[in-house]
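[1] Test case, fold it:
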Amino acid sequence: MTTHEETTPVLVGAGQISAREPDTERTPIGLVAEAARAAAADCGVTGVLGQIQSLTCLNILAPSYSDAPSTLARHLGIDPGERFYTPIGGNMGQWLVGYYADRIAAGGLDCILIAGGEALATQMRGKGAGLSGVLDTATGEGPRLLGDDREPTNSAEQRHGLNLPIQIYPLFEQALRRRYGLDPAEHRRMLGEFYARFNAVAVDNPRAWRRDPLSAADIAERSPKNRMVGAPYTKHMNALIAVDQAAALVMMSVAKARRLGIDPERWVYPLAAANGHDHWFVSQRADLSRSPAITACGERLDRRDRSPGPVQLFPQRCTDGARCAGYLRA
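    Prediction:
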């Protein structure tokens, strides 16, 4: 008989790759496979990749693959029963942890792999082997999609040039500035101080792509090397897209980890997760300075983390069209 304790999900391996040296043979899937092998090695025992029942490859911006999860599986020499791909979305890595934790806790799976990466630095240097086209032309039905693949913007937003994060997020920031009661210079100075804390973490992280120390003023003030991208965001406030990086996670049940002989000191218990979204289209939101979905998810986690128990799914409709769901494991 399987007990709740046996099906408790645990993170047992993680791998990160930052490949800075130019390599004309580098591809995104190659980096992702390298991160997956590192995650398996991090488990401290052999044969982990062969135990994977479900594999999800996060969306790769470029180049296109006809079936990235299957290509990754071939690179790793494994044949998992499930292979998923995701839509583009910065939330998907964390969302997948909650999704798989719930399935493992329910007894449906006992070992999974989440992996993703990009080789855009190589591609933008124009030195990648075939990176401008489709790298895998294997025929078939294509990957199974896991997640919401709706268009991020509607036709009215597109007509007004609201297509990308660099055009939409500045609207949120201006709404927040008004809510805080700050003038533009004060707000940009506050952002510089906020981002300087992120920079301090990057400076000490050997896996960070850029580790140059920057002061709050370096980040906030416009200069020839720090142009304004979308007010109030300067270049140093924007994420870098031209990176060659990958990461992967291995999660399994406690019972599986014991059978494989993985040291319990390596186990990380995902205690709680929540996901939600506000009105899908930005132009339909009532207040750009607030997120009812984030508020509702935070409140749900805050309540549930005081009441340990078996994994459950708690659907909840939030205000402003938002929805959220929480997962908890004792």
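[2] Spell out the secondary structure type for the residue sitting nearest the centre point of the chain.
    Most central in the chain under CA atoms, centre = their mean is G93, positioned 3.3 Å from the mean C-alpha point. Following DSSP: H, G, I helix; E, B strand; the rest coil, the label given to G93 is helix.
[3] give me every residue that touches it.
    With contacts defined as CB atoms under 8 Å, 6 or more residues apart in numbering, G93 is in contact with 58, 114, 116, 247. The C-beta positions use only the backbone N, C-alpha and C, and glycine is treated the same way.
[4] Make JSON lines from those and add distance to L240 and neighbour count to it.
    Below are those laid out as JSON lines (distance: CB to CB, whole Å; neighbours: other CB atoms under 10 Å):
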{"residue": "L58", "distance to L240": "17", "neighbour count": "27"}
{"residue": "I114", "distance to L240": "22", "neighbour count": "28"}
{"residue": "G116", "distance to L240": "16", "neighbour count": "25"}
{"residue": "A247", "distance to L240": "15", "neighbour count": "22"}
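[5] where does this structure have low pLDDT?
    For the chain, residues meeting the criterion pLDDT under 70 lie at 1-4, 127-141, 304-330.
[6] Do a quick rundown of the helices in it.
    When assigned using DSSP state H, the helices of the chain occupy the ranges 28-42, 68-76, 92-105, 120-124, 155-159, 165-180, 184-203, 216-220, 254-260, 292-304.
[7] mind listing what's buried in the fourth one?
    By neighbour count, and taking 16 or more other CB atoms under 10 Å as the criterion, the buried residues in helix 120-124 are 120-123.
[8] can you check stretch 224-235 too?
    For stretch 224-235, by 16+ other CB under 10 Å, it's 226, 230, 232-234.
[9] In strands only, show me these.
    Under the assignment DSSP state E, those contribute 230, 233-234 to strands.
[10] hmm, back to that, a markdown table please, covering the buried residues of stretch 224-235 and showing distance to P264.
    Rendered in a markdown table, the data for the buried residues of stretch 224-235 read as follows (distance: CB to CB, whole Å):
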| residue | distance to P264 |
| --- | --- |
| N226 | 47 |
| G230 | 47 |
| P232 | 47 |
| Y233 | 44 |
| T234 | 46 |
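[11] Do I have it right that A106 meets T8?
    No: in this structure, A106 is not within contact of T8 by CB atoms under 8 Å, at 11.4 Å.
[12] domains for this protein, by residue range?
    Here the domain parsing of the chain from automatic domain parsing is 9-134+142-150+242-266, 155-237, 272-328.
[13] ranking the ones you listed by burial, who's on top?
    Across those, the average number of neighbours (mean count of other CB atoms under 10 Å) peaks for domain 9-134+142-150+242-266, which reaches a mean of 19.
[14] what's the offset of it from the middle of its chain?
    The chain centroid and the centroid of domain 9-134+142-150+242-266 are separated by 11 Å, computed with CA atoms, centre = their mean, to the nearest Å.
[15] go on, stretch 152-164?
    The answer for stretch 152-164 is 24 Å, by CA atoms, centre = their mean.
[16] Show residues contacting it.
    Stretch 152-164 has contacts (CB under 8 Å, 6+ apart) with 167-168, 171, 281-283.
[17] from the residues you listed, which two are the most distant?
    Greatest spatial distance among the contacts of stretch 152-164 (CB to CB): Q167 and F281, at 13.8 Å.
[18] coming back round to it: of the contacts of stretch 152-164, which is the nearest to R266?
    Nearest to R266 among the contacts of stretch 152-164, with distances taken as CB to CB, is I168, at 40.0 Å.
[19] Return the residues in contact with the closest one.
    Here I168 is in contact with 153, 162, 282 (criterion: CB under 8 Å, 6+ apart).
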